[in-house]
Every structure is written in structure tokens, then in C-alpha cells.
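Enquirer: Sequence first, predicted coordinates after that:
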Amino acid sequence: MINIPDLGSLHSKSKIVFLSGAGVSAESGISTFRDNGGLWEQYSIYEVATPEAWASNPELVQRFYNQRRKQLLEVEPNAAHLTIAELQQHFDVE
């Protein structure tokens with residue numbers, strides 16, 4: 001269990017905002033896009049992440065995103081993910 005401070009002083013179901021970046025998932029082993037060895041060193045953003053890419057080579061775009069989904073099945077959430085999930089129980093999530 002994650003140690004979250006007493007939230008009793010907050011109104012029930014207050015709103016909360018999380019700002020994060022690729023580093024949160026990198027800790028779990030998910031490849032980032034811009035770091036050394038990142039995905040944009042292996043692929044051109046214009047070949048896999050634009051409407052034009054889909055129009056010209058949908059197989060490559062599908063393969064790229066299927067690889068991302070497969071990678072997600074091979075990793076576990078880290079402390080940041082678990083903390084966010086726990087906090088969702090105390091805040092209004094839209």
C-alpha cells in the first residue's frame with residue numbers, strides 16, 4: 001500500500017490534475033520517444049504518427065503501434081502509476 005497523507009481535509013471528490021512526462025513510464029521499462037535510443041531514433045515521426053503516414057503506409061503505422069501495445073503487456077506499473085491509481089479513489093476523475 002502506498003502511504004498517502006490524510007486527505008480528510010479535502011472535500012469529497014475534489015478534482016486533481018496530474019502533469020507527467022515519458023519518464024514516468026520509462027521507469028517501468030517503456031521506451032521513450034526522444035531519449036537516447038528512443039523511438040524517434042528508430043522511426044521517423046512522419047512515417048508512423050501523422051495522418052499522411054496512415055494514408056501512405058497503414059501497415060507500418062499499425063506495426064509501430066502494435067509493438068507499443070505489446071511492450072505494455074510485458075511491463076508492470078511503477079510507484080508513480082500506483083500512486084495515481086490510489087489517488088483516483090479520493091478525487092473526481094473525468
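Expert: Happy to help now that I have it.
Enquirer: What helix or strand is the residue most central in space within the chain located in?
Expert: Closest residue to the average C-alpha location of the chain: S25 at 5.8 Å, with CA atoms, centre = their mean. Per DSSP states H and E: S25 is located in helix 22-26.
Enquirer: which secondary structure elements does the helix or strand harbouring L82 contact?
Expert: L82 belongs to helix 79-88 when elements are defined using DSSP H and E. Packing partners of helix 79-88 (3 or more CB pairs under 8 Å, 6 or more residues apart in numbering; DSSP states H and E): helix 22-26. Every residue, glycine included, has its C-beta placed from N, CA and C.
Enquirer: Name the residues of the helix it packs on that are buried.
Expert: Within helix 22-26, the residues scored as buried using 16 or more other CB atoms under 10 Å are V24, S25.
Enquirer: Could you do stretch 35-49 as well?
Expert: Under 16+ other CB under 10 Å, the buried positions of stretch 35-49 are L39, Y43, V48, A49.
Enquirer: Kindly report the same for stretch 27-37.
Expert: S28, I30, S31.
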